[in-house]
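Model the structure of this input:
(chains A and B)
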Amino acid sequence: MKILIVDDSRFTQLTIAKLLKNQIGDVEIFFANDGEEGFKKYKEFNPDYVFVDLLMPNVSGQQLIKLIKEYDKNSNIFVISADVQKNVREEIESYGVIQFINKPFTDEKVKLVTKIIKGDTYA
Amino acid sequence: MHEKDLTYDILKEIFNIGVGKAANMLSEIVGKKIILDIPNITILESKEDDEEIYKHFSALPQGALMVSSMKFGEKITGEANLLFPANKMRIFINLCIGQPEYMNEEDLNFTDMDFDIIREVGNIILNSIIGEIGNTLDISLKYTLPEVRLFNKSKFEIGLKDKEEFCILLLYISFIIDDVKIEGAVIINLTIDSLNELMKMTKDIEDDLYG
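Next up is the predicted model:
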C-alpha cells in the first residue's frame, strides 16, 4: 500500500507516518511539504491514500484536493487539519474527501482511519 | 466594558470553551493529563493610560518568550499570539515527542524541528481558540500560515504598543503538565473596527438571550 502525506510540518508528517505504520504495517509512505509538491508526487507515485493538511504555503490543501480530484476522480483523500471551523469542514466534505479529521492525529483517530482503509481493502 | 457586563461574560465564555478544547488537544499530543486554570480576559485599548497598559504587560511571562502567531481575517481582522516562556519550551517539546528524560530547562538552543513542533502546537491551540469565536458567532475566518519566533519580552511589548490605535485582548492562561506549571498568554490584536464588530456580535447573543 502507498500513502502520501502532504503537510508543511515535518513533525506532523512523522507523527502521522509513525501512527499509520504501527496500525497498517506494510505501507510505503511518501511526503510532500506543500500542495504543489503534493500534486507532483501524487502524479508520480499514484498513492492509494493521501493525507492532506489545509493551510500550507504555495498551493493550499483546498486547492490540492481540487487538483487531485480533477486528475483522478477515484482518489482517496483524508484531510488532517487544525482548523476547527464548521463551515470549513462542510466545504471540504463537499469535495468528496473520505474523512475530515482535526489535529492532533492520535491513536484513536488512526484506528478509525485504519478501519476505513481496511474496510475499503476488503470491500 | 466592565467585568460584570454580560457581554464580557459571553466573550470570556467563548474563550473558555476554546481554551478548554485546546487543552484537550494538548493532552492528546503530550499523552498526559493537563490541569488548566480558567483564563482571565482583559481588553486593552490604545486610549488607556500607559500605567494601566504597563500593569497588564508586567503580568506577562518574563524573559525570553516563544511566540506563535497567526493572522486571521474576513469579518474580523487581527493577529493571535500565543506566548510562553522560552525556558519552559524544552520540557514541553520533549513531552510532545515522548522523550522520557527532560533536558536542561535553561537550554534555549532550539533546532528547526523544535520550532516546527512549537509552530504546529501553536497552530492547533490558536485554531482552537480563534476558531471557537468563528463557530459561536457564525462567521468565517481565514488564516495566514502560522509563525514562531523567539522574542525578548520588552521587544515584543514595543511591537504591540507601536501602533497608533490598537486594541488587545489578553488572556492569561496557565496549565500544569506532569507537575510542571507553564504560564502563558494569548494576545489577540484587533483593529478598532474589528473590536466593535466583535462587541456588536456578542451583544446580539446577549439580546437573543433575553428574547
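
going forward, measure contacts between C-alpha atoms and count neighbours the same way
Noted.

residues near B:Leu36, how many?
Using other C-alpha atoms under 10 Å in any protein chain shown, B:Leu36 is surrounded by 17 other residues.

What does it show for phi and psi?
Backbone torsions for B:Leu36, taken as degrees, to the nearest 10, come to phi -120, psi 140.

any idea which element the residue lying closest to B:Phe84 once chain neighbours are set aside lies in?
Closest residue to B:Phe84 apart from its sequence neighbours, by C-alpha to C-alpha, 6 or more residues apart in numbering or on different chains: B:Gly184 at 4.6 Å. Using DSSP states H and E, the element containing B:Gly184 is strand B:180-190.

which element is the residue positioned nearest the centre of chain A on?
Centrality entry for chain A: nearest residue to the mean C-alpha point is A:Phe51, 1.0 Å, by C-alpha atoms, centre = their mean. Under the criterion of DSSP H and E, A:Phe51 resides in strand A:49-52.

elements contacting that strand?
strand A:2-6, strand A:77-81 (3 or more C-alpha pairs under 8 Å, 6 or more residues apart in numbering or on different chains; DSSP states H and E).

still on that earlier bit, close enough to count as contact, the residue nearest to the centre of chain A and A:Thr12?
No - applying C-alpha atoms under 8 Å, one finds A:Phe51 not in contact with A:Thr12, separated by 10.9 Å.

A:Asp8 falls within a strand, correct?
No - judged by DSSP: H, G, I helix; E, B strand; the rest coil, A:Asp8 forms no part of a strand; its state is coil.

Surely it touches A:Phe31?
No - counting by C-alpha under 8 Å, A:Asp8 stays clear of A:Phe31, with 9.6 Å between them.

Name the strands paired with the helix or strand encompassing B:Gly73 and say parallel or antiparallel.
In the assignment (DSSP H and E), B:Gly73 maps to strand B:64-74. The pairing partners recorded for strand B:64-74 under DSSP bridges are strand B:78-85 (antiparallel), strand B:141-143 (antiparallel), strand B:147-152 (antiparallel).

which residues sit against the strand holding A:Phe51?
A:2-7, A:61, A:65, A:75-81 (C-alpha atoms under 8 Å, 6 or more residues apart in numbering or on different chains).

Now with 6 Å, please.
A:Ile3, A:Leu4, A:Ile5, A:Val6, A:Asn76, A:Ile77, A:Phe78, A:Val79, A:Ile80 (C-alpha atoms under 6 Å, 6 or more residues apart in numbering or on different chains).

Which of those residues has the largest number of neighbours?
A:Val6 (31 neighbours).

tally of neighbours for A:Arg89?
As a burial measure, A:Arg89 scores 17 neighbours (other C-alpha under 10 Å).

And B:Ile117, by the same measure?
Using other C-alpha under 10 Å, B:Ile117 is surrounded by 22 other residues.

Which strand residues bridge the residue nearest the centre of chain B?
Central residue of chain B (C-alpha atoms, centre = their mean): B:Val186, 1.8 Å from the mean position. Beta bridges link B:Val186 to B:Leu82, B:Leu171 when assigned by DSSP bridges.
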